[in-house]
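Visitor: sequence first, then the predicted structure, then my questions.
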Amino acid sequence: MKHTYTVTGMTCNGCRTSVEEKLNTIDGVINATVNLEKGEAVIEMAKHIETDTIQKALPEKYTISEKNVFKTAPMVAEAEKGDLQQLFPLFLIFGYITVAAILLNYKPWDGSSFMLDFMGLFYVVFSFFKLLDLKGFPESFKMYDPLAKVIPVYGWVYPFIEVALGVLFLMRIEIPIALVITLIILGITTVGVTKTLLDKKSIQCACLGTALKLPMTKATFIENSVMIVMAIIMLIGMA
């Protein structure tokens with residue numbers, strides 16, 4: 001018998017290999033294959049194996065669940081609660097950036113400067129987390145960014161692009177160019193995020209690198225959209 005499972009927590013081919021090896025060591029498993037892009041594992045087993053037994057064979061960073069299993073309302077509520085808890089660092093950082101940008105411009109209030117500072121702080125802070133694991137980030141990023149899939153080196157360069165854009169916004173240097181680049185790179189990423197959400201894939205969001213295990217959710221789409229809207233508003237204001 002074969003069963004298909006959803007596996008979360010994998011960020012690179014090394015993760016895929018590790019999960020596959022662990023699954024194949026479980027008593028009763030004939031063969032297990034893992035697909036990194038889909039975040040899936042197909043397990044052929046000689047006898048039925050409980051999902052809890054399979055989970056115990058994997059390191060804690062990976063979570064496995066059987067696909068197409070009916071969930072009761074309490075189970076769905078618990079899953080949603082889990083996602084919110086995982087996304088807490090993202091909301092916290094977003095809040096700190098917003099408050100910092102407000103404090104820098106509240107007296108007298110300057111909306112344009114607020115948006116520039118917000119975007120600058122956003123890029124600097126988010127690039128910091130990506131640079132914490134520069135080796136792991138490109139692998140995670142190319143799972144949903146269309147350009148990183150085609151040009152792998154783009155994933156390695158992306159954190160440095162964010163650093164440069166952050167400095168340009170905060171120092172008020174070449175703002176029109178920085179805004180256009182923002183629309184391009186975030187527009188590309190948003191296309192990939194949207195496709196991932198529509199396909200209902202369970203993968204890790206690389207917006208804060210690999211240091212924090214964040215699920216790909218609508219929050220990622222909203223985060224990119226806020227930056228894109230701000231860039232458009234600023235460009236229209238400069239026209």
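Guide: Yep, it's here.
Visitor: these two touch, right, residue 206 and residue 132?
Guide: No: applying CB atoms under 8 Å, one finds residue 206 not in contact with residue 132, separated by 11.7 Å. From N, CA and C alone the C-beta is placed, and that goes for glycine too.
Visitor: the more surrounded of the two?
Guide: Regarding residue 206 and residue 132, a neighbour count based on other CB atoms under 10 Å identifies residue 206 as having more, with 30 against 15.
Visitor: give the buried residues for the strand or helix carrying residue 182.
Guide: Of the helices and strands defined by DSSP states H and E, residue 182 is found in helix 175-198. For helix 175-198, burial by neighbour count (16 or more other CB atoms under 10 Å) applies to 175, 178-179, 181-182, 185-186, 188-190, 192-194, 196.
Visitor: repeat for stretch 98-107
Guide: Neighbour counts over stretch 98-107 (16+ other CB under 10 Å) mark 101, 104-105 as buried.
Visitor: out of the residues you listed, who's nearest residue 201?
Guide: residue 101 (32.7 Å; CB to CB).
Visitor: residue 182 versus that closest one, what's the distance?
Guide: Look at residue 101 and residue 182: by CB to CB, to the nearest Å, they are 16 Å apart.
Visitor: same check, this time on residue 133
Guide: Taken as CB to CB, the span from residue 133 to residue 182 is 24 Å.
Visitor: with residue 119 instead?
Guide: Taken as CB to CB, the span from residue 119 to residue 182 is 7 Å.
Visitor: which stretches of the protein form helices?
Guide: Taking DSSP state H, the helices of the chain run over residues 13-24, 51-56, 73-105, 111-131, 136-141, 146-150, 153-171, 175-198, 218-238.
Visitor: among those, which comes closest to residue 40?
Guide: helix 13-24 (10.5 Å).
Visitor: for the closest one, which helices and strands make contact with it?
Guide: In this structure, helix 13-24 makes packing contacts with strand 29-35, strand 40-45, judged by 3 or more CB pairs under 8 Å, 6 or more residues apart in numbering; DSSP states H and E.
Visitor: determine which stretch of the ones you listed is the most buried.
Guide: When the helices and strands packed on helix 13-24 are scored by mean count of other CB atoms under 10 Å, the highest mean neighbour count falls to strand 40-45 (a mean of 18).
Visitor: and the angle for that one with strand 29-35?
Guide: 170 degrees (axes from the mean of the first three to the mean of the last three CA atoms, to 10 degrees).
Visitor: list the helices and strands strand 40-45 packs on?
Guide: strand 2-8, helix 13-24, strand 29-35.
Visitor: domain map for this protein?
Guide: What the record gives for the chain is the domain set 2-66, 74-238, from automatic domain parsing.
Visitor: can I get these in a markdown table with mean pLDDT?
Guide: Shown next, in a markdown table, are the domains of the chain (pLDDT from 0 to 100):
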| stretch | mean pLDDT |
| --- | --- |
| domain 2-66 | 87 |
| domain 74-238 | 85 |
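Visitor: ok, and what's touching stretch 49-61?
Guide: Residues outside stretch 49-61 that contact it (CB atoms under 8 Å, 6 or more residues apart in numbering): 5, 9, 18-19, 22-23, 25-26, 28-29, 43, 63-66, 213.
Visitor: tell me, how many residues neighbour residue 162?
Guide: 21.
Visitor: the nearest residue to it once chain neighbours are set aside and residue 238: what is the separation?
Guide: Nearest non-adjacent residue to residue 162, counting by CB to CB, 6 or more residues apart in numbering: residue 127, 3.7 Å away. For residue 127, the distance to residue 238 equals 25 Å [CB to CB].
Visitor: tell me the centre residue of the protein?
Guide: The structure's the chain has its C-alpha centroid closest to residue 205; by CA atoms, centre = their mean the separation is 1.2 Å.
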